[in-house]
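> Okay, predicted coordinates and the sequence, questions at the end:
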Number of protein chains: 2
Amino acid sequence: MRADATRNRRLLMEAAAAEFAENGMDVSITHIAARAGVGKGTVFRHFDTKDELLAAVFSDRLEELVTAGVRLSGSDDAQAALLEFMTIGVELQAHDRSFCQAAAVLSRSEPSVRAWRERLVEVADTLVERARTAGAVREDITGLDVVLLLTAASQAVLSVGQDTPGLWRRYLGVIFDGLRPQAAHPLPVPPPTLTQFTQ
Amino acid sequence: MRADATRNRRLLMEAAAAEFAENGMDVSITHIAARAGVGKGTVFRHFDTKDELLAAVFSDRLEELVTAGVRLSGSDDAQAALLEFMTIGVELQAHDRSFCQAAAVLSRSEPSVRAWRERLVEVADTLVERARTAGAVREDITGLDVVLLLTAASQAVLSVGQDTPGLWRRYLGVIFDGLRPQAAHPLPVPPPTLTQFTQ
DNA sequence: GAACAAGCGGACCACGCGGTCATGTTCTGA
DNA sequence: TCAGAACATGACCGCGTGGTCCGCTTGTTC
């Protein structure tokens, strides 16, 4: 691969990530190309389709979160580890307007995204299991539950007009309290399975 | 207003509501007109712009929820009343793919929507206050918090591929447990104000 | 039943989209 | 140094969109 090609690819990924995060996954290829300072054709040289570009960016985000989860799996304080994992996950989504849509759309079509999501659930399972052993988390909660609740917390603030930075922390707090054993009441529906998640 | 005009308007509202609910607010006017069995021009006779149609439909949904909330405000069991209010609210959103987007987009531009949202927060405040007095809800939670958490619960399920009807009830359960006093830990961020909400 | 306004329909417009391709440019290996 | 492959570019294509407009139809009124 030529040097200018790898440079352009990197510029494209960065521009796309920023543009998707700021304006959602409906931003046009033209805008992304302009932001990266390249022509439109160059985008389609590196990514066959718009979805492929989106998947590349989205996979990077998932990988970040998985990496953080793996790191935290080795932590001494299991409760703090789970909370930090969730904090990182919610923050990631709160600052990225494409995250939620991308998750819903790409999991069907893009195997790489599906693979990362499975990894994510695995690491979340580990963190939950450890927290449960420490008595910090209720019995009936799974790693997949936690992953889904990340989206929940980040989406809570979606319809607030004026910017209130970090407001998502408030709702993550409420949700995390809902995960504690102290207030646990039986849940009316069994947990979803990984198969249902990734289809 | 002529009889056929009122009939067509009703058909349009129904078609639009169904189409928005099933396919999100990006469905085209052409599709909606076809579903209603009228021509495209007829849509723009009744609603000057697509947003206006969306706002009309969305306001109806908000009104439903407000009405339910007002009814439940008179209930004896304050805790059950709040839970049912939240259940109705989450179910509404879980079955409507346009709800969340519409809330975010229209609150800025459409005064009628803004008005309904204020009413919604009012009634939620009442329900929360009553539940708190009954000792069923923690001290630091407001009606606006509850309204935002409705979105949270409904969006949790968004990225699950295979249909798992009623799964949102599980996450509403977790969130509701997070509202109980038993597990309450101090929240890191103060509650948002109505002004921030409606901008 | 006639006259007329109110309502309807769908061809039409400008626009922006994802994606293609022929042409010109730039990097690289020998 | 230079041939040739890899790469960049932006005009271009087909399409679907929100919105307009005018000729025709239909409900209402006297």
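Structure's in. What do you need?

> since we're on the closest residue to DNA strand D within chain A, how many residues are nearby?
Of all residues in chain A, the one sitting closest to DNA strand D is A:G41 (1.9 Å; Cβ to the nearest atom of the strand). No exception for glycine: its C-beta is placed from N, CA and C like everyone else's. Neighbour count of A:G41, defined by other Cβ atoms under 10 Å in any protein chain shown: 8.

> Quick one, grab the pLDDT at it.
Per-residue confidence for A:G41 comes out at a pLDDT of 98.

> Mind telling me what element it is part of?
Assessed by DSSP states H and E, A:G41 sits inside helix A:40-46.

> after that helix comes which helix or strand?
With elements assigned by DSSP H and E, the helix or strand that comes after helix A:40-46 is helix A:50-73.

> right, is that next one up against chain B?
No: for a cut-off given as Cβ under 8 Å from any Cβ of the partner chain, helix A:50-73 has no contacts with chain B; the smallest distance is 11.4 Å.

> Could you list every helix and strand that that helix packs against?
Here helix A:50-73 is seen to pack against helix A:3-23, helix A:29-36, helix A:78-94, helix A:99-109, helix A:111-133 when contacts are counted using 3 or more Cβ pairs under 8 Å, 6 or more residues apart in numbering or on different chains; DSSP states H and E.

> Let's see that with 7 Å instead.
Applying 3 or more Cβ pairs under 7 Å, 6 or more residues apart in numbering or on different chains; DSSP states H and E, one finds that helix A:50-73 makes contact with helix A:3-23, helix A:78-94, helix A:99-109, helix A:111-133.

> thinking again about what came up before, can you give the contact residues for the helix holding A:G41?
The contact list for helix A:40-46, computed with Cβ atoms under 7 Å, 6 or more residues apart in numbering or on different chains, reads A:8-9, A:12, A:29-30, A:32-33, A:53.

> residue contacts, A:V66?
By Cβ under 7 Å, 6+ apart, A:V66 lies in contact with A:116, A:119-120, A:123.

> Turn those into CSV, columns for pLDDT.
CSV is the format used below for these (pLDDT from 0 to 100):
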residue, pLDDT
A:W116, 97
A:R119, 98
A:L120, 98
A:V123, 98
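
> Closest one to B:V189 out of those residues, please.
The closest of those to B:V189 turns out to be A:L120 (Cβ to Cβ; 25.7 Å).

> Excluding chain neighbours, what is closest to that closest one?
Distances taken as Cβ to Cβ, 6 or more residues apart in numbering or on different chains place A:V66 nearest to A:L120, at 5.4 Å, with adjacent residues excluded.

> Same question for A:L65.
In space, and not counting its chain neighbours, A:L65 is closest to A:G89: 5.5 Å by Cβ to Cβ, 6+ apart.

> so that neighbour touches A:L150, yeah?
Yes: applying Cβ atoms under 7 Å as the test, A:G89 and A:L150 come out as touching, 4.1 Å apart.

> for stretch A:188-199, which positions count as buried?
For stretch A:188-199, the neighbour count (16 or more other Cβ atoms under 10 Å in any protein chain shown) marks A:191-192, A:197-198 as buried.

> Of those, which are in range of chain B?
A:192, A:197-198 (Cβ under 7 Å from any Cβ of the partner chain).

> Let me know how buried the closest residue to A:G37 other than its chain neighbours is, in neighbour terms.
Counting by Cβ to Cβ, 6+ apart, the nearest residue to A:G37 once its immediate chain neighbours are dropped is A:L11, at 6.6 Å. For A:L11, the count of nearby residues is 16 (other Cβ under 10 Å).

> centre of the chain versus stretch A:61-68, how much separation?
Its chain's C-alpha centre and that of stretch A:61-68 lie 8 Å apart, by Cα atoms, centre = their mean, to the nearest Å.

> Let's see that stretch as CSV, backbone CA atoms only.
Output in CSV follows, covering the C-alpha atoms of stretch A:61-68 (Å, rounded to 0.1, in the frame of the first residue of the first chain):
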residue,chain,number,x,y,z
ARG,A,61,-15.4,2.4,19.0
LEU,A,62,-16.4,-1.1,20.1
GLU,A,63,-12.8,-2.2,20.3
GLU,A,64,-12.0,0.7,22.6
LEU,A,65,-14.7,-0.3,24.9
VAL,A,66,-13.7,-4.0,24.9
THR,A,67,-10.1,-3.0,25.6
ALA,A,68,-11.2,-1.0,28.5
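
> in that stretch, what counts as buried?
Buried residues in stretch A:61-68, counted by 16+ other Cβ under 10 Å: A:61-62, A:65-66, A:68.

> And those residues, which is closest to B:E84?
A:L65 (35.3 Å).

> Quick check, that closest one in contact with A:I88.
Yes: counting by Cβ under 7 Å, A:I88 is a contact partner of A:L65 at 6.4 Å.

> out of the helices and strands packed on helix A:50-73, deepest packed?
The highest mean neighbour count among the helices and strands packed on helix A:50-73, using mean count of other Cβ atoms under 10 Å in any protein chain shown, belongs to helix A:78-94: a mean of 21.

> A:K40: neighbour count?
13.

> Can you pull out the low-pLDDT segments for chain A?
Across chain A, nothing is flagged by pLDDT under 70.

> and it, which residues reach DNA strand D?
A:1-2, A:4-5, A:8, A:38-42, A:44-46 (Cβ under 7 Å from any atom of the strand).

> and the two most separated of those residues?
So, those by Cβ to Cβ: farthest apart are A:M1 and A:K40, at 20.5 Å.
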